[in-house]
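Trainee: Provided below are the primary sequence and the corresponding predicted coordinates.
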Amino acid sequence: MEENVQELELELEMQEDVRRGKYMTFPVGADVFGVELKYVNEIIQMQPIAPIPEVEDFIKGLINLRGKIIPVIDVAERFGKETFEYNDRTCIIVIEVKGVEVGLVIPSIAEVVSIDEENILPPPNISHATAQSKFIRGIGKIGNSVKLLLDPVKLLSDDSLDFTDEQENEEEE
């Protein structure tokens, strides 16, 4: 039994190593964002979203994913970008942060890229932070292009959206 546990732990570590330094990138307006693969559970096609009354506009509602109820956020609206029309390329990236799953609606997936830690610069220190800049972990340099790398923990535990703390409080009760 103990051998099986050790094998499973080793397998999980290997999966984590394979994902380390890899980012799924997607366009939002003129910017290209990336989210580290270790946070990505799956990518699903757009599906009906049940609206939630009296929430922020960027919270689109809830989806039922194989019996799990998952809140869904429109990334463009979250960052104060121009909204886009959902089409057949629009998809939902299901990410997990601190045991909480959330869907991010994005226009399309660009690519999965590897970015070494030495090619990630800290985000610029801007005194009047825009909605998107306060969720940026760093700026990844790939050749002549840059990718704005998201910090999913900050994205989901912002004052106006606090799924992670809410979930933790429910578990404590």
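Mentor: Thanks, I have it. Because the structure is predicted, anything quoted here is derived from the model rather than measured. Numbering: from 1, shown residues only.
Trainee: quick check: which element contains E82?
Mentor: Under the criterion DSSP states H and E, no helix or strand holds E82.
Trainee: and for it, the neighbour number?
Mentor: By the measure other CB atoms under 10 Å, the count of residues near E82 is 9. Glycine gets a C-beta too; all of them are placed from N, C-alpha and C.
Trainee: quick check: closest non-adjacent residue to it.
Mentor: G29 (5.9 Å; CB to CB, 6 or more residues apart in numbering).
Trainee: give me phi/psi at the one you found?
Mentor: For G29, the backbone dihedrals are phi 60, psi -130 (criterion: degrees, to the nearest 10).
Trainee: that one and A76 touch, don't they?
Mentor: Yes: here G29 reaches A76: they are 6.8 Å apart, a contact under CB atoms under 8 Å.
Trainee: and the two? Which one has more around it.
Mentor: Shown here are G29 and A76; by other CB under 10 Å, A76 has more neighbours (20 against 15).
Trainee: what bridges to C91?
Mentor: Q45, I106 (DSSP bridges).
Trainee: how about the one 10 residues further on?
Mentor: Using DSSP bridges, the beta-bridge partners of E101 come out as E96.
Trainee: count of neighbours near it?
Mentor: 17.
Trainee: helix or strand for V153, which one?
Mentor: Going by DSSP H and E, V153 is part of helix 152-156.
Trainee: list the buried residues for that helix?
Mentor: 152, 155-156 (16 or more other CB atoms under 10 Å).
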